[in-house]
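J.: okay, sequence plus prediction incoming.
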Amino acid sequence: MRETTFRVRTAEREQILLITSEVNAALAELGADDGICTIIVPHTTCAISVNEDADPDVRTDLVKALRALVPNVKFDHGEGNSDAHFLSMLIGCSLTWPYQRGKLALGRWQGVYFIELDGPRERNVRVYV
């Protein structure tokens, strides 16, 4: 197994960034041809997913929907970011996806989302082949 890491910087508390090109660059760096990769965000208050990459309004709408998912719970965690832990757990911190000819095998409108839930921060994204 081979791996590489790249960094992502967010500017808002909740933010969805498109990182498809960074993942494809990581696959190229690893000399990947055809196979399956695993993409991991090794943090407890962010997530990763695949969704539409064409219209940035989708990302804005999804951030609004994620905020609405957080229950009206009095969280006890002293850092004040239990909502981010909750959403990270629901969405997930890893993604396994096929790649062909060194690029992710995504649908026409699909892209890889890095989902910040407790920013702004600088985060690591790891790609394994």
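T.: On my side now, so go ahead.

J.: give the burial count for the spatially closest residue to residue 50 that is not a sequence neighbour, as a bare number.
T.: Spatial nearest neighbour of residue 50, excluding adjacent residues (Cβ to Cβ, 6 or more residues apart in numbering): residue 110 at 5.3 Å. C-beta: built from backbone N, CA, C; applies to glycine. If you count neighbours by other Cβ atoms under 10 Å, residue 110 ends up with 16.

J.: surely residue 110 meets residue 53?
T.: Yes - contact criterion Cβ atoms under 8 Å: residue 110 and residue 53 qualify, at 6.3 Å.

J.: so where do the helices sit in the chain?
T.: Secondary structure of the chain (DSSP state H): helices at 20-29, 56-69, 82-91.

J.: right, so of those, which gets closest to residue 129?
T.: helix 20-29 (6.9 Å; Cβ to Cβ).

J.: follow-up on the earlier one: of all the helices of the chain, which lies closest to residue 11?
T.: That would be helix 56-69 among these, by Cβ to Cβ, at 12.7 Å.

J.: so which elements touch that closest one?
T.: Using 3 or more Cβ pairs under 8 Å, 6 or more residues apart in numbering; DSSP states H and E as the contact test, the elements touching helix 56-69 are strand 15-18, strand 46-52, helix 82-91.

J.: adding mean neighbour count and mean pLDDT, write the ones you listed out as TSV.
T.: As requested, those are exported to TSV (neighbours: other Cβ atoms under 10 Å; pLDDT from 0 to 100):
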stretch	mean neighbour count	mean pLDDT
strand 15-18	18	97
strand 46-52	19	97
helix 82-91	18	93
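
J.: can you redo the ones you listed as JSON lines with distance to residue 60?
T.: What follows is the helices and strands packed on helix 56-69, written out as JSON lines (distance: least, Cβ to Cβ, whole Å):
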{"stretch": "strand 15-18", "distance to residue 60": "8"}
{"stretch": "strand 46-52", "distance to residue 60": "12"}
{"stretch": "helix 82-91", "distance to residue 60": "16"}
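
J.: could you find the closest non-adjacent residue to residue 90?
T.: With Cβ to Cβ, 6+ apart, the residue lying closest to residue 90 is residue 69, at 7.2 Å.
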